[in-house]
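Enquirer: could you work out the structure for the sequence below:
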Amino acid sequence: MNLFHRLKIIATALFLSALLAACASSGDSPTGTPSEVQETQAQLLGDMPLPAASKIIGSDSLIIGRGDNWVGRVVLSGVQSPTDIYAFFQSEYPRAGWTTISAVKSKTSILVFTKGDRTSTVEINEGSLAGPKTIITISSSPKNANVIAPSKK
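Expert: Down below sits the predicted model:
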């Protein structure tokens, strides 16, 4: 076997290894049985129902606190279509006591909910061919957070 042929085989093997590594799960989502994953996510996100089999993408999420008073952003991978995920949030959040403030269904769908002194914004996007079917981003914050505008200088 000549040197060029060997290098070609090695390069192909490295490429396939890198491709497999890129497709592998990053391991940042809770693991275990589906009920264990759901319980862990409920401890983190409290009274916010999540679509079945959705998983937190930890590298894209920022969760401060836990339970019913967390603030920040959580990014989830969903296995259902964006339309099914949208329908889930429209039906399940009101059942959990959330009031729908705004709902826009489009390529990037946005839903805004309030409950007590909290506001939650849900953004739903179609996933990539190689990744999850749907990407869900939930942002949560206090409803009347003090926001200070930058001063003009």
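
Enquirer: what's around Pro142, how many residues?
Expert: By other Cβ atoms under 10 Å, 12 other residues sit near Pro142. Glycine gets a C-beta too; all of them are placed from N, C-alpha and C.

Enquirer: wait, Glu123
Expert: Glu123, neighbours per other Cβ under 10 Å, totals 15.

Enquirer: repeat for the one 4 residues further on
Expert: Applying other Cβ under 10 Å, we find 16 residues neighbouring Gly127.

Enquirer: so what's it up against?
Expert: 77-78, 133-135 (Cβ atoms under 8 Å, 6 or more residues apart in numbering).

Enquirer: among those residues, which pair sits farthest apart?
Expert: Lys133 and Ile135 (8.9 Å; Cβ to Cβ).

Enquirer: where's Tyr93, which helix or strand?
Expert: Element membership for Tyr93, per DSSP states H and E: helix 82-95.

Enquirer: which residue ranges form the helices in this structure?
Expert: Using DSSP state H, the helices of the chain run over 3-23, 34-45, 82-95.

Enquirer: out of those, which gets the lowest mean score?
Expert: Lowest mean pLDDT within the helices of the chain: helix 3-23, at a mean of 55.

Enquirer: thinking again about what came up before, helices and strands around the helix holding Tyr93, which ones?
Expert: Packed against helix 82-95, as judged by 3 or more Cβ pairs under 8 Å, 6 or more residues apart in numbering; DSSP states H and E, are the following elements: strand 99-104, strand 109-115, strand 118-126, strand 134-142.

Enquirer: could I get these as CSV with mean pLDDT?
Expert: Formatted as CSV, the helices and strands packed on helix 82-95 follow (pLDDT from 0 to 100):
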stretch, mean pLDDT
strand 99-104, 95
strand 109-115, 95
strand 118-126, 95
strand 134-142, 93
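
Enquirer: distance to Pro49 added to those, as TSV?
Expert: TSV is the format used below for the helices and strands packed on helix 82-95 (distance: least, Cβ to Cβ, whole Å):
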stretch	distance to Pro49
strand 99-104	14
strand 109-115	11
strand 118-126	11
strand 134-142	11
